[in-house]
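# please find the sequence and the predicted model below.
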Amino acid sequence: MRLASTKAVYDSVANEIYRLCELRQETLARKAKRQNRRQWIAEMMEFLESQSGVIFEYNEKLVRRLLEKVTVFEGRIVVKFKTDNNVELDYR
């Protein structure tokens, strides 16, 4: 009540409350994203462990599960995995 009597102080407190609410939402979103990534990694580990032996030829199922996209440039290839990791390969 005492803070409400001073509009400037009240506005400051209200702004801090809104800022903290936004920060909480961002934190929850990051946490959910991390959890989804952990789940995906666990599924991938299970899938890879179920594969038998060494892979010597193209495996469509494996590629679809691991890779987001492959971009070919002159002299290099960029492979983007579904984990948001990138690998650049130079060739000539």
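Here it is on my side, so go on. Numbers count the residues shown, from 1 in each chain.
# do a quick rundown of the helices in the protein.
7-50, 60-66 (DSSP state H).
# how about those helices in CSV, adding mean neighbour count, distance to residue 90 and mean pLDDT?
Where C-beta positions appear, they are placed from N, C-alpha and C, glycine not excepted. Formatted as CSV, the helices of the chain follow (neighbours: other CB atoms under 10 Å; distance: least, CB to CB, whole Å; pLDDT from 0 to 100):
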stretch, mean neighbour count, distance to residue 90, mean pLDDT
helix 7-50, 11, 26, 88
helix 60-66, 11, 21, 86
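# distance to residue 75 added to those, as TSV?
Formatted as TSV, those follow (distance: least, CB to CB, whole Å):
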stretch	distance to residue 75
helix 7-50	30
helix 60-66	23
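# what's the domain layout of this structure?
Domain assignment for the chain by automatic domain parsing gives 1-50, 53-92.
# how near is the closest residue to residue 47 other than its chain neighbours to residue 26?
Counting by CB to CB, 6 or more residues apart in numbering, residue 65 is the residue found nearest to residue 47 once chain neighbours are left out, at 6.2 Å. Between residue 65 and residue 26 the distance is 30 Å, computed by CB to CB, to the nearest Å.
# repeat that for residue 7.
Residue 7 is 28 Å from residue 26, by CB to CB.
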